[in-house]
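> Structure for the following, please:
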Amino acid sequence: MDRRAFLTAATAGLLLPHAAAPASASSRTLRSDPFTLGVASGDPSADGFVLWTRLAVDPLSGDGRGGMPSRAVEVDWQVAADERFSKIVRSGTATARASAAHSVHVELEGLEPGREYFYRFRSEGRLSPSGRTRTTPAGETPLTFAVAACAHFEHGYYTAYRRLAEQEPDLVVFLGDYLYEYAPSGYTALGRRVRTHTPGKCQTLADYRLRHAQYKSDRDLQAAHRVAPWLALFDDHEVENNWAGSHSSTDAPAFARRRAEAFRAYYENMPLRRASLHGASLRVNRRVSWGTLARFHLLDTRQFRDDQACDDGVRAGCDDRLDERRTLLGQDQWRWLESGLNGSDTRWNLLGQQILMAQRDFKVGPGREVNLDSWDGYAGERTRVLGALARTANPVVLTGDVHMHHAAELKADFDDPDSPVVANEVVATSISSDGDGYRDKTFIAEALQENPHISYIDQRRGYLIARLTRDDLTVDYRTLDYISRRGAPAKTSHRLTIP
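Down below sits the predicted model:
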């Protein structure tokens with residue numbers, strides 16, 4: 001079998017393990033398969049990565065505990081150099097505790113750089129699906145990575161995740177809105193609802209755990225996690241639409257508690273390092289290097305920002321957005337970013353973040369209307385960031401959020417046609433948010449005319465596949481014509497090459 005056939009068969013339970021699987025220390029057995037939420041890996045380094053799983057015999061159990069007992073459960077894990085697990089290179093046992101929703105985070109070190117590994121878990125006689133992951137290389141090894149964002153469960157099937165997995169990237173960069181907090185039909189996509197959210201709006205730890213379990217139960221999403229390590233970032237909907245720092249967009253009571261519990265559930269359900277969770281805060285701004293070829297600078301554009309200017313929304317005439325004292329990143333993160341860009345010695349520098357950085361005028365004709373939740377609402381700080389990028393080797397900004405593919409040039413002065421380009425921005429459309437895609441040619445033509453630094457827009461669903469070498473970055477804008485039913489093919493609708 002080739003790799004894809006093997007992983008598919010192993011997930012379906014059609015293969016017996018070639019080598020003896022680890023035996024759990026506990027003799028007590030769970031009543032059914034606890035690996036219903038799949039497996040995942042993330043945050044690779046030159047000698048390791050994070051392995052993740054979460055036990056749940058009944059993922060949609062209403063208390064958010066996945067039908068698991070209140071006791072701790074031992075989980076064995078294996079890492080192998082081959083997909084048949086005949087060459088085990090590392091193994092061990094972790095404890096899945098009820099207080100952490102029976103999640104497991106295993107942080108590996110001491111492995112060989114720049115190579116592929118396979119992993120799996122076993123608990124109380126049950127064997128998990130196997131996943132593929134890798135360590136980062138030591139030198140200037142080419143990289144193929146996927147970029148994805150925005151996956152509303154109700155708006156469509158996750159076929160885009162399946163198509164992404166079929167392309168077997170080395171790495172997946174996820175830029176936020178992994179789940180949505182709304183109650184059923186709380187945010188409709190052109191009046192259609194393909195699937196139904198768990199009851200109620202997410203407000204408690206149990207609510208967020210249950211919603212994560214519902215999303216993670218999707219087999220197409222599981223496939224995308226199994227195929228490669230992820231670099232995961234949150235945006236707003238993992239907590240609440242358009243939240244900003246300590247400010248709730250709905251003036252929700254006890255928002256600090258709600259945010260902390262949303263962070264906790266996010267950590268429990270993602271392949272993040274243990275050091276990322278700090279009490280009521282969750283640190284996701286971090287750097288990951290792909291040898292000497294590229295460095296990913298991953299940003300948090302929610303947790304430290306000032307409240308949106310002029311009551312948020314798409315508005316004209318908001319002078320407060322130009323105030324240089326207003327921050328999106330927070331002072332500590334800004335200093336961390338500036339220092340990291342100045343000190344980077346890699347060939348490329350990739351800025352992974354959530355919201356559109358390019359100026360985007362929504363008004364056709366004279367005047368200007370901008371989205372105050374995006375970088376347009378924090379124009380003073382954007383100028384500082386663009387200045388730092390101008391001093392950086394081969395910077396490219398990776399963005400999600402807007403549910404449309406974009407290709408844009410980032411300029412020192414967006415209103416000056418002769419202003420130098422300091423970086424390129426590539427924006428991934430949504431996996432499913434806003435339902436079946438479309439191409440409104442009039443809308444696209446007007447948007448491109450109003451914003452000449454933007455060269456491409458596509459309103460269909462999909463993801464990006466990027467191929468990075470020493471000499472260029474090639475980005476395939478992958479699109480699906482529908483997601484309201486399963487099985488849509490993916491195609492490359494546009495290709496961008498950045499030398």
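> show me where the protein has helices.
Ranges of helices within the chain are 3-11, 159-166, 205-216, 219-227, 255-268, 331-342, 379-390, 441-450, based on DSSP state H.
> Which strands or helices does the shortest one pack on?
Translated: helix 159-166. Judged by 3 or more Cβ pairs under 8 Å, 6 or more residues apart in numbering; DSSP states H and E, helix 159-166 is in contact with strand 143-148, helix 219-227, strand 461-468, strand 473-480, strand 490-498. Glycine gets a C-beta too; all of them are placed from N, C-alpha and C.
> Which one, of the helices of the chain, ends up nearest to Gly245?
Closest approach to Gly245 among the helices of the chain is made by helix 255-268 (9.5 Å; Cβ to Cβ).
> Return the set of buried residues in the closest one.
Applying a neighbour-count criterion of 16 or more other Cβ atoms under 10 Å, the buried positions in helix 255-268 are Phe255, Arg258, Arg259, Ala260, Glu261, Ala262, Phe263, Arg264, Ala265, Tyr266, Tyr267, Glu268.
> CSV for those residues, including pLDDT and distance to Tyr477?
As requested, the buried residues of helix 255-268 are exported to CSV (pLDDT from 0 to 100; distance: Cβ to Cβ, whole Å):
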residue, pLDDT, distance to Tyr477
Phe255, 97, 37
Arg258, 97, 36
Arg259, 98, 34
Ala260, 98, 37
Glu261, 98, 36
Ala262, 98, 31
Phe263, 98, 32
Arg264, 98, 35
Ala265, 98, 32
Tyr266, 98, 28
Tyr267, 98, 31
Glu268, 98, 33
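> ok, the nearest residue to Ala490 once chain neighbours are set aside - how many residues close by?
Nearest residue to Ala490, sequence neighbours excluded (Cβ to Cβ, 6 or more residues apart in numbering): Arg163, at 3.8 Å. By other Cβ atoms under 10 Å, 23 other residues sit near Arg163.
> separation between Arg163 and Val39?
Computed as Cβ to Cβ, to the nearest Å, the Arg163 to Val39 distance reads 20 Å.
> repeat for Val402
Val402 is 31 Å from Val39, by Cβ to Cβ.
> returning to what we had before: can you say which of the helices and strands packed on helix 159-166 is nearest to Arg193?
Nearest to Arg193 among these is strand 461-468; the distance by Cβ to Cβ comes to 15.7 Å.
> pLDDT (mean, whole number) over the closest one?
What strand 461-468 shows for mean pLDDT is 98.
> Which strands or helices does it pack on?
Secondary-structure packing of strand 461-468 (3+ Cβ pairs under 8 Å, 6+ apart): strand 143-148, helix 159-166, strand 473-480.
> ok, now which ones touch the residue nearest to Ala490?
Tyr463, Arg478, Leu480, Pro489, Ala490 (Cβ atoms under 8 Å, 6 or more residues apart in numbering).
> Test my guess that Ala223 contacts Arg162.
Yes - shown here, Ala223 and Arg162 form a contact pair, counting by Cβ atoms under 8 Å, at 5.7 Å.
> quick one: stretch 110-127 to chain centroid distance?
Distance of stretch 110-127 from its chain centroid, counting by Cα atoms, centre = their mean, to the nearest Å, is 22 Å.
> quick one, domains of this protein?
Split into domains by the TED database, the chain comes to 31-135, 138-498.
> which residue sits closest to the residue most central in space within the chain, ignoring its sequence neighbours?
Per Cα atoms, centre = their mean, the C-alpha nearest to the average position across the chain is that of Phe174, at 2.0 Å. Nearest residue to Phe174 in three dimensions, chain neighbours excluded: Ala232, at 4.8 Å (Cβ to Cβ, 6+ apart).
> Check the burial of the one you found by counting its neighbours.
Burial of Ala232 is recorded as 25 neighbouring residues (other Cβ under 10 Å).
> What separation do you get for it and Arg211?
Noted for Ala232: a distance of 16 Å to Arg211, by Cβ to Cβ.
> which pair in the contacts of Arg163 spans the largest distance?
Within the contacts of Arg163, Tyr463 and Pro489 form the most distant pair, 13.5 Å apart (Cβ to Cβ).
> When those two are compared, which one has more neighbours?
Higher neighbour count among Tyr463 and Pro489: Tyr463, with 28 against 9, using other Cβ under 10 Å.
> Please list all residues in contact with that one.
Ala146, Val147, Ala148, Ala160, Arg163, Leu164, Ala428, Thr429, Ile431, Arg478.
> and it, bridged to which residues?
Here Tyr463 sits in beta bridges with Arg478, as judged by DSSP bridges.
> who are the neighbours in contact with the nearest residue to Leu282 once chain neighbours are set aside?
Nearest residue to Leu282 in three dimensions, chain neighbours excluded: Phe263, at 3.9 Å (Cβ to Cβ, 6+ apart). Phe263 is in contact with Val239, Leu277, Ala280, Ser281, Leu282, counting by Cβ under 8 Å, 6+ apart.
> Tell me which two of those sit farthest apart.
Greatest spacing in the contacts of Phe263, by Cβ to Cβ: Val239 and Leu277 (14.6 Å).
> Glu181 touches Val239, doesn't it?
Yes - with contact defined as Cβ under 8 Å, Glu181 reaches Val239; the gap is 6.8 Å.
> shared neighbours, those two?
Residues touching both Glu181 and Val239 by Cβ under 8 Å, 6+ apart: Ala262.
> So which of those two has more stuff around it?
Between Glu181 and Val239, counted using other Cβ under 10 Å, the more crowded position is Val239 (27 against 24).
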